[in-house]
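>>> Below is the sequence, then the predicted model.
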Amino acid sequence: MVPCRSAPPSALAGRVAKQKVGFVGGMEIPLIKKFEVGFRAGVQATNPEAAVLVQYTGSFDNVSHGKQVAQDLLAKGCEVLFHAAGADGNGVIQAVREARAAGKDVYVIGVDSDQSHLAPEAMLTSMVKRVDLAVWEAVKALRAGHFTGGDVVMGLKEGGVAYAPVRLEFAGKEAALAQVEALKARIIAGELAVPAR
């Protein structure tokens, strides 16, 4: 059982940013490309005028390269950065934290788990993979005697993905969160599909 990527954090990025958002991927492989496509769709849903700038680091274990790529995107005017880049993402978080400390109104979105502890003053939210739930469901199926191998996708409807609490204050927060929750409900209801390519 594997959780799939989530749209709410990218929809929130579209609400917070006025003109540009950035996506930092690690290696340009099919899984990370799915993150990119989902991110673009979420931003488009809430801010169709926003430009989405994309850069790949080419690795998942180079913090300094992640920071360098993030600094480049920030220099190009990105207001929110989302990373799907493994340890390179720690560099993305560092770059945004330093930019905020220097007075820039920029944010970062974490991935896989709630990464707010890495930059509480800069972390807008995180896309959370509920691997714990996937393992729990597999163990339950095994105990009940009906476990079968193979891929199972767990999205928003199944609780396989979520977004971390939005702890930071920003202009229009209440309306932004209401719109994100409405989009989430439409995805769960099957009214809105999150693209994968």
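Here it is on my side, so go on. The structure displayed is predicted, hence computed values, not measured ones.
>>> in the helix or strand that contains Lys140, what counts as buried?
Assigning secondary structure by DSSP states H and E places Lys140 in helix 131-144. Buried positions in helix 131-144, judged by neighbour count with 16 or more other CB atoms under 10 Å: Leu133, Ala134, Glu137. Any C-beta I mention is one placed from the backbone N, CA and C, and that applies to glycine too.
>>> Output that helix as CSV, restricted to C-alpha atoms.
What follows is helix 131-144 as a C-alpha-only set of coordinates in CSV (Å, rounded to 0.1, in the frame of the first residue of the first chain):
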residue,chain,number,x,y,z
VAL,A,131,2.6,5.5,5.8
ASP,A,132,1.6,4.5,9.3
LEU,A,133,-2.0,4.0,8.1
ALA,A,134,-0.9,2.0,5.0
VAL,A,135,1.1,-0.3,7.3
TRP,A,136,-1.8,-0.6,9.7
GLU,A,137,-4.2,-1.5,6.9
ALA,A,138,-1.8,-4.1,5.6
VAL,A,139,-1.3,-5.7,9.0
LYS,A,140,-5.1,-5.7,9.5
ALA,A,141,-5.6,-7.5,6.2
LEU,A,142,-2.9,-10.0,7.1
ARG,A,143,-4.4,-10.8,10.5
ALA,A,144,-7.9,-11.2,8.9
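>>> neighbouring strands for the helix or strand following it, and are they parallel or not?
On the C-terminal side of helix 131-144, the closest following helix or strand by DSSP H and E is strand 153-154. Strands that pair with strand 153-154, judged by DSSP bridges, come out as strand 2-3 (parallel).
>>> Now do the same for the helix or strand following the partner strand: mean pLDDT, whole number.
Past strand 2-3, heading to the C-terminal end, the next element that is a helix or strand (DSSP H and E) is helix 8-16. The average pLDDT for helix 8-16 rounds to 93.
>>> Show me the shaky parts of the chain.
When the per-residue scores of the chain are filtered using pLDDT under 70, the ranges that remain are 1-7.
>>> Roughly how far does Ala95 sit from Leu177?
26 Å (CB to CB, to the nearest Å).
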